[in-house]
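Engineer: One predicted model, sequence on top.
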Amino acid sequence: MSSPAELISPRSPRVAAARRLARRNFRTKERRFIAEGPQAVREAVDHRGPEGHPTLLELFVTVEAAERYAEIVQAARTTGARVHLASDEVLAEVSQTVTPQGLVGVCAFLDSPFDQILAGRPRLVAVLAHVRDPGNAGTVLRCADAAGADAVVLTDASVDLYNPKSVRASVGSLFHLPVAVGVPVAQAVAGLRGAGVRILAADGAGTEDLDAELDAGSMKVPSAWIFGNEAWGLPEETRALADAVVRVPIHGKAESLNLATAAAVCLYASARAQRAVGGCRSVTPS
């Protein structure tokens, strides 16, 4: 950028490349994805990938946003990201939202190898099996982060982690904890069990009750929760892999809980039980 007033051309190859990241095949080929808004871009600036490489590679920012979020823009420059001043029209082209917030980052893929997650001896893991809605995937990831989980695993039958809706729904949590992608559910279960983790399948028709599990003290051990499809839950073959199939009790008249709500209840139940015996990590200052 030769001067503060120079705007990137809408015909720039950089704009075209960022626009193509709306499609999964281009994201996979380039191993890049879009993060939008000040919260996500701030988290991307602070994140480091393998060998300490910066995750944020490029930043498209309007003149107004560059002034409003000057500290983010300066931090992006400091990490070596290419910063492009852009018109509202260009932001609309590279953004995946109806009302862009003036900051769009191009980031490197950041998923972790599953073996690396296992090597960390996780105590609390969320496994998304057959989750197809990107907003739900991002929201469960956010819940896992908030509950202090050590990792999230998306099986090969689940939605793309880098779908723009998933990234937005995670509200920055994508940059906070290790996430493995494309792991067959049987492999995920076998690996976690081999690492000493108890496998719990969350299902509304489960034979075990969450409250009873808590009362029995059986949730103090390292645990992985498997969450299934939004509409039809977990298939029988996946439930059969679990050590226990657990339902969240419905004490009122609600017919059921949606996926993200059930995931939050289950993950926080495990986190609370584990914390009582010096369990999972906490990001809350003491």
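Structural biologist: The structure has been received and is ready for your questions. Numbering: from 1, shown residues only.
Engineer: buried stuff in stretch 230-250?
Structural biologist: Buried residues in stretch 230-250, counted by 16 or more other C-beta atoms under 10 Å: 230, 233-234, 238-239, 241-248. In short, each C-beta sits where N, CA and C put it, glycine included.
Engineer: Could you give the secondary structure assignment for A271?
Structural biologist: Three-state assignment for A271 (DSSP: H, G, I helix; E, B strand; the rest coil): helix.
Engineer: Can you spell out the domain ranges of this protein, please?
Structural biologist: 13-108, 114-275 (automatic domain parsing).
Engineer: Make CSV out of these and add mean pLDDT and distance to L7.
Structural biologist: Below are the domains of the chain laid out as CSV (pLDDT from 0 to 100; distance: least, C-beta to C-beta, whole Å):
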stretch, mean pLDDT, distance to L7
domain 13-108, 94, 5
domain 114-275, 94, 24
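Engineer: got those domains as TSV, with distance to E6 columns?
Structural biologist: Putting the domains of the chain into TSV (distance: least, C-beta to C-beta, whole Å) gives the following:
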stretch	distance to E6
domain 13-108	6
domain 114-275	28
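Engineer: just to revisit the earlier point, can you list which of the buried residues of stretch 230-250 are found in strands?
Structural biologist: Counting by DSSP state E, the part of the buried residues of stretch 230-250 found in strands is 244-247.
Engineer: Quick check: the farthest pair among the residues you listed?
Structural biologist: Farthest-apart pair in these is A244 and R247; separation 10.3 Å (C-beta to C-beta).
Engineer: anything in contact with each of the two?
Structural biologist: Shared contacts of A244 and R247, defined by C-beta atoms under 8 Å, 6 or more residues apart in numbering, are found at 206-208.
Engineer: Which parts of the stretch 151-286 of the chain are helices?
Structural biologist: Using DSSP state H, counting those that start in this stretch, the helices of the stretch 151-286 of the chain run over residues 164-170, 185-194, 210-216, 236-239, 259-275.
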